[in-house]
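Novice: from the sequence below, what's the structure:
(4 chains)
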Protein chains: 2
Amino acid sequence: MSTIADVAARAGVSKATASRALSGRGYVSEDTRTRVAAAARELAYVAHSSATSLATGRTQTVGVIMPPVDRWFFSELLAGIQESLFALDYELALYGIREGSETRERLFDVVLPGRRFDGIIAVGIQPSAQELERLHRSERPLVSVGPYSEGSSAVSIDDIAAARIATEHLIELGHTAIAFVGGSTDPDHLSFGDAQRVEGYLEALAAAGLEAVARIADARPTMPGGYAAAVELLGDRRGRPTAIVGVCDEAAIGAMIAARRLGIAVPTELSIVGVDDHEHAEMFALTTIKQSPREQGHEAVRLLRQQLDHPDSPRERTVTPSVLVVRSSTAGRR
Amino acid sequence: MSTIADVAARAGVSKATASRALSGRGYVSEDTRTRVAAAARELAYVAHSSATSLATGRTQTVGVIMPPVDRWFFSELLAGIQESLFALDYELALYGIREGSETRERLFDVVLPGRRFDGIIAVGIQPSAQELERLHRSERPLVSVGPYSEGSSAVSIDDIAAARIATEHLIELGHTAIAFVGGSTDPDHLSFGDAQRVEGYLEALAAAGLEAVARIADARPTMPGGYAAAVELLGDRRGRPTAIVGVCDEAAIGAMIAARRLGIAVPTELSIVGVDDHEHAEMFALTTIKQSPREQGHEAVRLLRQQLDHPDSPRERTVTPSVLVVRSSTAGRR
DNA sequence: ATTTCCTGTGGAACCGGTTCCTTTTCGGAA
DNA sequence: TTCCGAAAAGGAACCGGTTCCACAGGAAAT
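Specialist: Numbers count the residues shown, from 1 in each chain, chains lettered A, B, ... in the order given. Sure thing, here's the model as predicted:
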């Protein structure tokens, strides 16, 4: 492995000049520049990243803190972040957060102060006040995706609005017995965005004077979760809802499959609407609220870069609009 | 941000002693050790990772090269890798590989020689001879997951055996018209493992003297892919297969949903078997071949660590066994 | 002709750790 | 009492880059 000293020697210049020639900063004659470049090529020279980081204070790495990528939304988001970072020549250091707080603690205690990255994208985590203070003290730009916290940039969808629009769509179709699949009776068990979706659902019902009939079925935001909840919900004929809002498309699709198995026709006997516009939504003809997680990933990187390049630029918050995509899982009440 | 010099000054010792006290290497008196530790705590000292890397030559980072995580298998695998690395105090640098070779090229030209990580886990990529040579020249341990290449450690399932076992299961149940969903007429279009699964399917048919009736339906290894292929396959009543092998569970589940929509009963009229034991397999009562991607992730890290700790230890290849999990998507031919 | 400015280059310091080598001290063996 | 080796600690070199600063030479301005 060759060093810049080797390159300099081969080109017959000093380390300083070689460095300038390769980085393009400072005065270097055209002739020297090409000689250094040639030497570098011949030696297959690549700068040692740790040395560069130590000298410049920049690591060219972005830390991404994210829940397990087993939900479509997160995997798409990650793909978007990846694409954008790659295009900007940044590395991506991935940190998972699991339920256990041990992970989280170590992240905030050791990893963040280790100056391993220039900026952070935090997905779906609601930092505690103490953690937030720590993040800010570390002076590294932070962009959150999902929850918005004062003083940092963020890209989020308006989860309340999304669920509200979904619910309103059903109300407009004449439904009054509208259940929500994927909430939780234990609020600690809900992710931030999911809790807001419950809220949006309740808001829409309240606005239509239907709050009394609210029914929130406990379920994990997954297909089996939605399936199980719907089986429960649709089990007895009497008091069966005529419409369901899923906390996300996975849950909604699970509910749809449950309905089919129970012999309940969608949309004639039961309307279902989800949130996300999952890649499977089309196959199931699911009416949903479109999100574009991949683009949100791009946007998160854009916001982060803004702060990396211009540390004093104001924090921005991007809220992506919620658009209803009507397919054929919803219909007017008979 | 405090440096080790600050810690040393506060504890009244030299940098050298402070370093030894904190790392636990070399002679340090108990008394000094506690004084240094106290000073470090008071100053909230955390070592600068670039400085450590530069001095030691180790980055405590593992590069993970991986296709997009939108398939369940890969997201689970990533989770497994993440867990194990975290437990070992290694960072995870994630690199996506997309179709375009531009990504790939830059990966091999710039990222790998940049000495940003101590080892590499490459998932599902079949490196070219040139790339492989480069990897070896970089002297960094490599573990591949999936394809096996001479001279590096690997963890893989026996894809041929998996598909063979799945197919044999159907043959034992008396099926003769067995289709495969998720192959491709264009072999370049198939991932390495998927191509081997096609092979296993054909092997099993051949062993039973059924090769003449092989039918491979083109499909992406996703639920919509399996759905579309099955619709095609099951469309006309005559010549309809009585059993289907899915290239993976997603495809098999897609096929199952297609069958239901077409009014074909599973398993009485059509048996379906998948490969993976996807988290949704249970909900669909899908008979399948169990893989444990999460454990494969753990195993990959174990193999890598072996090489990091003992560079001269022999390369190992772990092949995880293929186990048939019978649920109720398969039944004897009527 | 002298001063000034700009270009081009090299030496040396620096980033923040680790480690080699040397020195000092001290307890135990000869 | 002397000698020796282990323990403890400091000085300095080193990892491989970047950048500050000093200096030389030539062109432009005075």
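
Novice: going forward, measure contacts between C-alpha atoms and count neighbours the same way
Specialist: Fine.

Novice: residue A:238 - how many residues pack around it?
Specialist: By other Cα atoms under 10 Å in any protein chain shown, 7 other residues sit near residue A:238.

Novice: and it, what is it in contact with?
Specialist: Shown in contact with residue A:238 (Cα atoms under 8 Å, 6 or more residues apart in numbering or on different chains): no residues.

Novice: helix/strand/coil for it?
Specialist: Following DSSP: H, G, I helix; E, B strand; the rest coil, residue A:238 is assigned to coil.

Novice: would you say residue A:217 is within a strand?
Specialist: Yes: Residue A:217: assigned to a strand according to three-state DSSP.

Novice: that one: neighbour count?
Specialist: For residue A:217, using other Cα under 10 Å, the count is 20.

Novice: please name the bridge partners of the residue nearest to it when sequence neighbours are not counted.
Specialist: Counting by Cα to Cα, 6 or more residues apart in numbering or on different chains, residue A:217 lies nearest to residue A:181, which is 4.9 Å off, once chain neighbours are set aside. On the basis of DSSP bridges, residue A:181 is bridged to residue A:217, residue A:246.

Novice: hang on, residue A:181 packs against residue A:247?
Specialist: Yes: assessed by Cα atoms under 8 Å, residue A:181 is found in contact with residue A:247 at 6.0 Å.

Novice: related to what we said a few turns ago, for the residue nearest to residue A:217, what are its contacts?
Specialist: Residue A:181 neighbours (Cα under 8 Å, 6+ apart): A:216-219, A:226, A:229-230, A:244-247, A:251-252, A:255.

Novice: what about the residue in the stretch 151-300 of chain A positioned nearest to DNA strand C, how many neighbours?
Specialist: Here the stretch 151-300 of chain A gets closest to DNA strand C at one residue, residue A:152, 25.2 Å apart by Cα to the nearest atom of the strand. Residue A:152 is flanked by 19 other residues according to other Cα under 10 Å.

Novice: tell me how far it lies from residue A:145.
Specialist: 11 Å (Cα to Cα, to the nearest Å).

Novice: kindly report the same for residue A:270.
Specialist: 34 Å.

Novice: what of residue A:97?
Specialist: Distance of residue A:97 to residue A:145, given as Cα to Cα: 14 Å.

Novice: settle it for me: which of these two has more neighbours?
Specialist: Between residue A:97 and residue A:145, counted using other Cα under 10 Å, residue A:145 has the larger neighbour count: 26 against 21.

Novice: mind listing what that one touches?
Specialist: So residue A:145 contacts A:121, A:122, A:123, A:124, A:154, A:155, A:156, A:296, A:300 (Cα under 8 Å, 6+ apart).

Novice: run through the bridge partners of it.
Specialist: Here residue A:145, judged by DSSP bridges, has bridge partners residue A:123, residue A:155.

Novice: is stretch A:103-121 up against chain B anywhere?
Specialist: Yes: counting by Cα under 8 Å from any Cα of the partner chain, chain B is contacted by stretch A:103-121 at A:110, A:113, A:114, A:115, A:116.

Novice: just the buried ones out of these, please.
Specialist: The neighbour-count test (16 or more other Cα atoms under 10 Å in any protein chain shown) applied to those identifies A:113, A:114, A:115, A:116 as buried.

Novice: what about those residues, which are in helices?
Specialist: Counting by DSSP state H, these place none of their members in helices.

Novice: distance to residue B:312 and pLDDT for those - can I get that in CSV?
Specialist: Formatted as CSV, those follow (distance: Cα to Cα, whole Å; pLDDT from 0 to 100):
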residue, distance to residue B:312, pLDDT
A:113, 34, 77
A:114, 31, 76
A:115, 32, 77
A:116, 30, 86
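
Novice: let me have those residues in JSON lines, adding distance to DNA strand D as columns.
Specialist: JSON lines is the format used below for those (distance: Cα to the nearest atom of the strand, whole Å):
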{"residue": "A:113", "distance to DNA strand D": "19"}
{"residue": "A:114", "distance to DNA strand D": "17"}
{"residue": "A:115", "distance to DNA strand D": "15"}
{"residue": "A:116", "distance to DNA strand D": "15"}
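
Novice: which among the residues you listed gets closest to residue A:41?
Specialist: Distance to residue A:41, by Cα to Cα, is smallest for residue A:116 among these, at 28.7 Å.

Novice: so who does the closest one touch?
Specialist: The contact partners of residue A:116, taken as Cα under 8 Å, 6+ apart, are A:59, A:61, B:48, B:49, B:50.

Novice: among these, which one has the most neighbours?
Specialist: residue B:50 (26 neighbours).

Novice: which helix or strand contains it?
Specialist: Secondary structure assignment for residue B:50, by DSSP states H and E: helix B:49-56.

Novice: give me the contact list for the helix or strand following that helix.
Specialist: Once helix B:49-56 ends, the next helix or strand along the chain (criterion: DSSP H and E) is strand B:61-66. Contact partners of strand B:61-66, identified using Cα under 8 Å, 6+ apart, comprise B:74, B:90-97, B:116-125.

Novice: residues of the next helix-or-strand element following strand B:61-66 that come out buried?
Specialist: Sequence-wise, the next helix or strand downstream of strand B:61-66 (DSSP H and E) is helix B:72-87. For helix B:72-87, the neighbour count (16+ other Cα under 10 Å) marks B:72-86 as buried.

Novice: list the contacts for residue A:213?
Specialist: Residue A:213 touches A:176, A:177, A:178, counting by Cα under 8 Å, 6+ apart.
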